[in-house]
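Visitor: Quick one, fold the following:
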Amino acid sequence: MRLVALLNARAPAAGASASAFTADELRIGVHSPVEHQARQALAAGAEHILIRSDQPQGDIAHIADRLSRESGVPILAVGDGPDLARRLERDDRVLLIAERMILPQQALDDLLAAPVPALLVTPSQSATAHLERIDARHVWAGAALLAGETLLATIDMLGEWDLELTLLRRAVQQSARRIELAADLVTAGRVIRIGAPADAQQALEALSRSGFADVPPRDPLAALLAPVGRRLVEPLARYQVNPVQIRWGVGLFAVLAIAGASADWPRLGLLLALLAEAGLGLSEACARVMLHRPAPAWLRVLAKGAGLTVLAILGGRLANGELLALLGVALALGLVGVQTIADLQDERPVLGRLGLWRHLSTGMALTIGLGGALGGRVPDAFILIGLYAFGTVTARLLAKGDNRI
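Guide: Numbers count the residues shown, from 1 in each chain. Sure, this is the predicted structure:
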């Protein structure tokens, strides 16, 4: 059975809560609502995406073609009636997302894990009164999992009707399983229907917060920089800065960091390597918010490898050819590298605040090295890196369960 996502980009009927705003005014940062929904459907595993449109050959078709080339998944702009019916099969599982509805990705994943038919709902309260009411207890949260047979039977009906609401009523009549979302998600902007620029701004703010909240920090430096990152992601998305552009900057900083350290400019090399690390984390957060692919493995290796290389160059100069000092630098950086490789391969969240101190990232090591270089205490900085690396590796080896290296 295919998983087909059905989205709506049709203009609202005149007089029926028609939007007075243009598509650009309702953009969620870099994306229109329907493109954001399409990217969510792709992340949820959709094998085919259909976008209902008044003009299947217009702007929506260009969005569909671009996303299809990017993802490799067939994405088509279709009209109503026979055009839509030709694209569906009776045994399809259809993920229906209501027009301009923005939902948490986890909610869609939970919905797709349920048997057909199923609905996303939220409690009927004053904060959710603007959503479509199902009964006295629940309102519709804007997504449903339906059988292709149900859609084909509904499309065959005669007369003028709203496809989304008709399918909702049929799902309720079929006693669809209800996946309940907390009403707090509505007030927080995680569940929102984009009807005005203020809604788009609230959705963007919520997505920016979740871009960091959904992936907890793994070390003390990441925890310290998380509030700064949250403040940067929103304007970057609003001004349509593509994560790929940030990644080019990460690569450039990494190369320049090695060049700076090789030219005997240790402070510049450490600073640029640290900027590459920070840029990598920022690009990953932007990718989560904008629903782009994560950074490729080679870029992660380049950014983190540049940090270790800069530290190795600085440590080699500090050792001044003494074998014992060189072995000490190599051991310290080797332990940092082992942890870096382990963290790249295993991205499970760190448990508890104490768990943050069991991780020594290349960024944390660079921060210690830069602090030592600025204060004229480079040997002390390497001693601290070595002790910290030995302590964190020991703690992770001796830890139980998910905290173990």
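
Visitor: So which elements touch the host helix or strand of Ala312?
Guide: Using DSSP states H and E, Ala312 maps to helix 297-319. Packing partners of helix 297-319 (3 or more C-beta pairs under 8 Å, 6 or more residues apart in numbering; DSSP states H and E): helix 243-262, helix 266-290, helix 323-345, helix 362-374, helix 378-398. Heads up, the C-betas are built off the backbone N, CA and C, glycines and all.

Visitor: Quick one: work out the angle between the second one and helix 378-398.
Guide: On the basis of axes from the mean of the first three to the mean of the last three C-alpha atoms, to 10 degrees, helix 266-290 is oriented at 40 degrees to helix 378-398.

Visitor: quick revisit: in a markdown table: the helices and strands packed on helix 297-319, plus distance to Ala64, mean pLDDT and mean neighbour count.
Guide: Output for the helices and strands packed on helix 297-319, formatted as a markdown table (distance: least, C-beta to C-beta, whole Å; pLDDT from 0 to 100; neighbours: other C-beta atoms under 10 Å):
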| stretch | distance to Ala64 | mean pLDDT | mean neighbour count |
| --- | --- | --- | --- |
| helix 243-262 | 21 | 91 | 19 |
| helix 266-290 | 18 | 88 | 23 |
| helix 323-345 | 34 | 80 | 16 |
| helix 362-374 | 39 | 88 | 23 |
| helix 378-398 | 46 | 82 | 17 |
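
Visitor: Just tell me which of those helices ends up closest to Leu163.
Guide: helix 266-290 (28.6 Å; C-beta to C-beta).

Visitor: Does anything pack onto that closest one? Which helices or strands?
Guide: helix 197-213, helix 220-238, helix 243-262, helix 297-319, helix 362-374.

Visitor: quick one: contacts for the nearest residue in space to Gly305 that is not next to it in sequence?
Guide: Leaving aside its chain neighbours, Gly305 sits nearest to Ala254 (7.8 Å; criterion: C-beta to C-beta, 6 or more residues apart in numbering). By C-beta atoms under 8 Å, 6 or more residues apart in numbering, the contact set of Ala254 is 272-273, 276, 302-303, 305-306.

Visitor: Tell me which two of those sit farthest apart.
Guide: Leu272 and Gly305 (13.7 Å).

Visitor: Kindly reformat the helices and strands packed on helix 266-290 as CSV containing distance to Ala330.
Guide: Formatted as CSV, the helices and strands packed on helix 266-290 follow (distance: least, C-beta to C-beta, whole Å):
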stretch, distance to Ala330
helix 197-213, 35
helix 220-238, 23
helix 243-262, 16
helix 297-319, 8
helix 362-374, 14
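
Visitor: Of all those, which one comes closest to Asp380?
Guide: Closest among the helices and strands packed on helix 266-290, using C-beta to C-beta: helix 362-374, at 5.9 Å.

Visitor: tell me the angle that closest one makes with helix 220-238.
Guide: 110 degrees.
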